[in-house]
Structures are given as structure tokens and as C-alpha cells.
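S.K.: Below are the sequence and a predicted model for it; my questions follow.
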Amino acid sequence: LFHRARWAVSLARFPMLLEYDLLVVGAGPAGCATALEAAKAGLCVLVAERKSTVGVPVRCAEYVPANLVGELGLGRGFVVQPVKGMKTILPGGEVKKTLSPGFTVRRELLDQAMADAAQDCGATFQLATRVVSREGQTVKLQGRGGREMPLKAKVVVGADGPHTLVGRWVGSVNRDLIPAIQVRLPLRQPLDFTEVYFDEAFFGGYGWLFPKGEEANVGIGMRSPNPQRLSLVGALKGFIERLCREGKVVPRVLGWFAGWIPVGPPRRVTFGNTILVGDAAGHTHPITGAGVFQAVTAGRMAGKWAAEAVKAKDMGVLSQYEAEWRDLLEETLERGYMRRLELEKEWDRLPEIIKGCWVAFREYYART
Ligand SMILES: Cc1cc2nc3c(=O)[nH]c(=O)nc-3n(C[C@H](O)[C@H](O)[C@H](O)COP(=O)(O)OP(=O)(O)OC[C@H]3O[C@@H](n4cnc5c(N)ncnc54)[C@H](O)[C@@H]3O)c2cc1C
């Protein structure tokens, strides 16, 4: 209710200015982190988000590493439970336990906490508003009932997710995406590890069971169509049956969604006064599919460099954003991409190659 009331206020802020320092397209973790950092630095920021409520509907398995929660410094109101680490279950049944502390969260509350913080620093959120086109320096937004709003911004940040429109404007889009589908199911007993399942049927991907209190997020991301001609829905049904047989979940679907995960190589995402962040920039890990940490981290960098560029009246400063995200993420993303190529090429030898292709094993890091 708190969030509804608060967001209703931001919706009522018409008419908008005609010119902003920074336009952020999308209010996911990448967009909110960008807006927060830029507003803190004193920029006049507008975030345009097509959804009516930030973070809803959720499209995420909702695991985040513990250090992200600490670094955000936004409390733990969005945390559902702590997680000690990950269990990787291989096709032959071998289980590898990795300690990696984290949390499962309510993603919509995490996104909203970041949006609240950005709004507290002065950023304006325009919800139920889709960015639809750009002509020269003028960006066109479309609100409820098709009402159009043209505006100008000194810097434009595309934080608009896997199928980025801003990326299309600058010719930098995600060319390789994997579909994923997830359901919420009741757990038979609480769990304190996330579980990742490799199976010959899940071509180029994996199944997951992420505990979230009394429930679990259970899903599959894989290439589809695939050599086995198994659909994503067919694979998920088989996976749920397995988890039921193993006594882990109750076969009562509480909700479901489908989504896309960028899995391509790192690419250039800075063009003139326009930059891309998070899933729009392909910052998602090509092997694990995780992207919240990168979205927030790169978003902070984007907001910081946008502020520097506006203050210096020099868009060339934005190249520092490209340099900084590459410093932190490029090697990890490049390795993930190389491992993905190998995983898919050698899929018929999955039990032999998996340790070299999955992040829980030393073999994954042994080569460049
Ligand atoms: C099935 C699945 C499970 C996942 N599980 C995890 C996980 O457990 N942990 C993890 O770290 N990552 C996970 N991810 C990845 C994670 O969800 C993304 O990496 C993360 O959401 C990226 O944040 P973002 O802000 O870049 O993009 P998004 O969260 O996609 O936000 C983009 C926003 O832009 C808005 N938008 C798009 N176009 C426009 C437009 N034209 N105008 C206005 N607004 C627009 C969208 O409505 C959206 O709100 C998962 C992904 C999937 C698909």
C-alpha cells in the first residue's frame, strides 16, 4: 500500500519538464541504480517505466548475492530468507556443494526500495509510460491512453531490459537470448541452499529450485527448439515431476512467468550521449543467467559518469563508463560466453564437459 500511494504521487506529476539532464528508460535494478547515483550527484533525472507498478510482474528467480544487499544499504525489507550456497546436481546424480552466501528476495520490493531511494534523492518516476521513439535529440514517451510527450535529455540511458529499444537506436542489441519459464510451488520442507540441475534434456541450460520461505521458484532456461525437440513447457513438467518424486515440492502451481536471458558476448554500449546498462547492455552472465548484481553495479557507474559528463558539458566523458564496466565485468562475461559456446557444441558429452562449463567447479576457471 505504501508503495502504491507513493507511486501514485509520482504519476500525478504532469506536465513534465521539456528538458532533463538524464532520461533513464526502464525502472528495473539497472535503471533505478543509475537514477539514484545521478540524482545524488545533483542531476535532473526522469525515469520512464512502462509498467504501472515498479517491479511488477516479477520475472526473476530472486536470488541475489549477500554482498549486493550489504552494498545497497537499503535495509532488508525485501529479503525472504538467507541462502548458504548452491548445490549443483549433475546428470549422474553427483552433487557439488558450493558455499556462496546470499538471499532470496521479493524482487518487486527490491526494485521498489531502489526506486524509493532514487526518488528521495530527487529523481522523477513516470510510470505507465513507454518510451516509443527518438528523432534527433527529441525522445517521445507515450503515457496512458496513448498520450504522447516529447522531451529532450542531455544523456539517455537504456536500462530497458533484454529487448532494448534504446539499443536499437544505437545499433547495439542482444543478438542471442535464451527463453526461460518459471513456476512458484510450495516446498515440502524449508531449504537453505539453491539447487541447480543439469540434465541432457535441458539443452544449453539448466533447471533450478530456489527456496523462498515456504515456497520455491522452480524453472528452466534452455535453448528451444532443441535437438531433442523438447519444449520448454514439456521440460518444466518433467522437472516438476522429478522434484515431486524426490519429495521436495508440492505439485500446486501458485504462479508462473516466462522471460528472456541475454547470453551473448560483451559488446560496446556507449554511443555519443546514449549508453546501455544491465540486461539491455548484455551484462547478464551468459552461463548462469544472473544479472541483478551486474545491473546494479553497472547502473551506479552509468549514473556517476552521466553526472560527470553533464557537469563537464562533454559527452566524451561517457567513454569512462565503458572503460569502468569492462574493467569489472568483461573478463567474467567473456569467459561465460566461451564456456557457453563449448557447452552447446559438446552437449552430447555433457557429463564429461560440465565441470569445465559450470561456475561451481574449479575446472571452469582453469582456462581463460
Ligand atoms: C527466468 C529468469 C530468472 C532470473 N533469475 C535471476 C536470479 O535469480 N538472480 C539474478 O541476479 N538474476 C536473475 N535473472 C536476471 C535478472 O532478472 C536480470 O538480469 C535483471 O532483471 C536485469 O535488470 P535490468 O534493470 O537490466 O532489466 P529489467 O529488470 O528487465 O528492467 C527493464 C525495465 O525496463 C522497462 N522497459 C522496457 N522497455 C521500455 C520502454 N520502451 N519504455 C519504458 N520502460 C521500458 C521494463 O518494463 C522493465 O521494468 C533472471 C532472469 C530470468 C528471465
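M.R.: The structure has been received and is ready for your questions.
S.K.: pLDDT weak spots in the stretch 1-150 of the chain?
M.R.: Residue ranges of the stretch 1-150 of the chain with pLDDT under 70: 1-17.
S.K.: So which bits of the stretch 101-250 of the chain are right by the ligand?
M.R.: By the rule CB under 6 Å from any ligand atom, the part of the stretch 101-250 of the chain lying against the ligand is 130, 131, 159, 160, 161, 165, 180, 182, 219. The C-beta positions use only the backbone N, C-alpha and C, and glycine is treated the same way.
S.K.: Run a quick check on the first one versus residue 52, I expect a contact.
M.R.: No: in this structure residue 130 lies outside contact range of residue 52 using CB atoms under 8 Å: 11.3 Å.
S.K.: Neighbour count for those two, which is higher?
M.R.: For residue 130 versus residue 52, neighbours defined as other CB atoms under 10 Å are more numerous around residue 130 (17 against 14).
S.K.: out of everything not next to it in sequence, what's closest to that one?
M.R.: Closest residue in space to residue 130, ignoring its immediate chain neighbours: residue 50 at 4.2 Å, by CB to CB, 6 or more residues apart in numbering.
S.K.: do the same with residue 83
M.R.: residue 102 (4.8 Å).
S.K.: and that neighbour, that one's in a strand?
M.R.: Yes: under DSSP: H, G, I helix; E, B strand; the rest coil, residue 102 sits within a strand.
S.K.: Just give me the neighbour total for it.
M.R.: So residue 102, with other CB under 10 Å, has 22 neighbours.
S.K.: May I have the residues that are in contact with it?
M.R.: By CB atoms under 8 Å, 6 or more residues apart in numbering, the residues touching residue 102 are 63, 64, 65, 66, 82, 83, 85, 194.
S.K.: can you check residue 90 too?
M.R.: By CB under 8 Å, 6+ apart, the contact list for residue 90 reads 96, 198, 351, 354.
S.K.: Show me what the mean pLDDT comes to for the helix or strand hosting the third one.
M.R.: For residue 351, the host element (DSSP states H and E) is helix 350-357. Confidence for helix 350-357, expressed as mean pLDDT, is 96.
S.K.: shaky segments in the stretch 151-300 of the chain?
M.R.: Judged against pLDDT under 70, the stretch 151-300 of the chain has no low-scoring part.
S.K.: out of the residues of the stretch 101-250 of the chain next to the ligand, who has the most neighbours?
M.R.: Neighbour tally across these (other CB under 10 Å): the maximum, 31 neighbours, falls on residue 159.
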